[in-house]
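In: Based on what follows, work out the 3D shape:
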Amino acid sequence: MNCAVYILASQRNGTLYTGVTSDLVKRIWQHKNDAFEGFSKANGTKMLVWYESGESIEGAIMREKQIKKWNRIWKLRLIESMNPEWLDLSGNILG
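Out: Residues are numbered from 1 along each chain as shown. Got it, this is the predicted structure:
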């Protein structure tokens, strides 16, 4: 199983959403197509700006909980360490 923790943004330095999934491609498609009601749909967080893959869902959930406790500055630094231009990385995974 290939699990992932990910961060979506509404725009550069905009609203952030942190999530975890066992199928990143499917989950990003769901976010982009407003497949579910909730925070992401309500706040327009559709840009995949950061993600981290792992082998276990337990590890991914622990990482998600860790990141959700971080302050905003730390999350912005995490995003910019991988994606300084705040590009939508979904093209890399959706094909």
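In: so where do the helices sit in this structure?
Out: All helices of the chain, identified by DSSP state H, fall at 24-32, 39-43, 57-69, 72-82, 90-94.
In: For the third one, buried residues please.
Out: Put plainly, it is helix 57-69. Across helix 57-69, burial judged by 16 or more other Cβ atoms under 10 Å covers 60, 63-64, 67. Every C-beta, even on glycine, is put in place using the N, C-alpha and C of the backbone.
In: Mind giving me the packing neighbours of that helix?
Out: If you count contacts as 3 or more Cβ pairs under 8 Å, 6 or more residues apart in numbering; DSSP states H and E, helix 57-69 packs onto strand 3-9, strand 16-21, strand 47-54.
In: contact partners of stretch 60-80?
Out: By Cβ atoms under 8 Å, 6 or more residues apart in numbering, the residues outside stretch 60-80 that reach it are 3-5, 7, 9, 13, 16, 18-22, 49-50, 52, 54, 86.
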